[in-house]
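Student: Generate a structure from the sequence data that follows.
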Amino acid sequence: EATLPYWDRFVTLISARLAAACDYCLLQLSRLYRNLNTEPRQLRCFTLPFGRLELHMQPRDMSGCEHILEYDDASIADYLEEVMAGRLTPVRMEARVIYRNDAEVCVFRRNADVIDVSHPHVSDWREPVTEALDWIRRERTSLVQTVTRRPVLKLAA
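Tutor: So this is what the prediction gives:
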């Protein structure tokens, strides 16, 4: 019974430290969640002869990020620190190929870590737009090659 006051003091100290750790973790998770969520929006629209190419930015689904597992624990911690501090925002860039009749033909998606969400840099969205333009070029050349020309009929005099 002589150690009971010491035990009570120890339990009180441990519970206070545990509560502080829980509060800190909750604060960090809320910062992470806040910085992971961005409003989906259209960044650019390029008008083309047959339709348009729209570039959209939306939040990245972090549950499907297998690329994070490739890093070691220290790198993951550094990456999450950058996201929590607001220096990086993981997003998904989409380049959508849309014909004149508003039919969405193809979508090219790429994940990017954007430094400034309000003004993404060209390097953040260059890859999906380049892929979309390459796809458009391939489709147009294949259409030109597959169009069969009707033989010219000559009239006998």
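
Student: longest single helix anywhere in this protein?
Tutor: helix 4-36 (DSSP state H).

Student: and the closest residue to residue 62 other than its chain neighbours, how far is that from residue 94?
Tutor: Counting by C-beta to C-beta, 6 or more residues apart in numbering, residue 36 is the residue found nearest to residue 62 once chain neighbours are left out, at 6.1 Å. All C-beta atoms are positioned from the backbone trio N, CA, C, and that covers glycine. From residue 36 across to residue 94, the span is 17 Å (C-beta to C-beta, to the nearest Å).

Student: The two - which one has more neighbours?
Tutor: Shown here are residue 36 and residue 94; by other C-beta atoms under 10 Å, residue 94 has more neighbours (20 against 16).

Student: which strand residues sit across from the residue lying closest to the more buried one once chain neighbours are set aside in the sheet?
Tutor: Excluding its sequence neighbours, the residue lying closest to residue 94 (C-beta to C-beta, 6+ apart) is residue 56, at 4.5 Å. Applying DSSP bridges to residue 56 gives these bridge partners: residue 42, residue 94.

Student: And for residue 56, the neighbour number?
Tutor: Residue 56, neighbours per other C-beta under 10 Å, totals 20.

Student: Mean pLDDT per element in the protein, and the minimum belongs to which helix or strand?
Tutor: Least confident element among the helices and strands of the chain, by mean pLDDT, DSSP states H and E: helix 73-85 (a mean of 80).

Student: quick one: that one to helix 4-36, angle?
Tutor: 70 degrees (axes from the mean of the first three to the mean of the last three C-alpha atoms, to 10 degrees).

Student: Which of the residues in helix 73-85 are classified as buried?
Tutor: By neighbour count on 16 or more other C-beta atoms under 10 Å, the buried set for helix 73-85 is 80, 82-84.

Student: With stretch 15-29 instead?
Tutor: So stretch 15-29, judged by 16+ other C-beta under 10 Å, has zero buried residues.

Student: now swap in stretch 97-114 and tell me
Tutor: 97-98, 108, 110, 112, 114.

Student: now do stretch 127-142
Tutor: Those would be 127-129, 132-133, 136, for stretch 127-142 by 16+ other C-beta under 10 Å.

Student: Tell me how far the residue nearest the centre of the chain lies from residue 62.
Tutor: Nearest residue to the geometric centre of the chain (C-alpha atoms, centre = their mean): residue 92, 1.8 Å. Distance from residue 92 to residue 62, counting by C-beta to C-beta: 11 Å.

Student: I appreciate the help and will end here.
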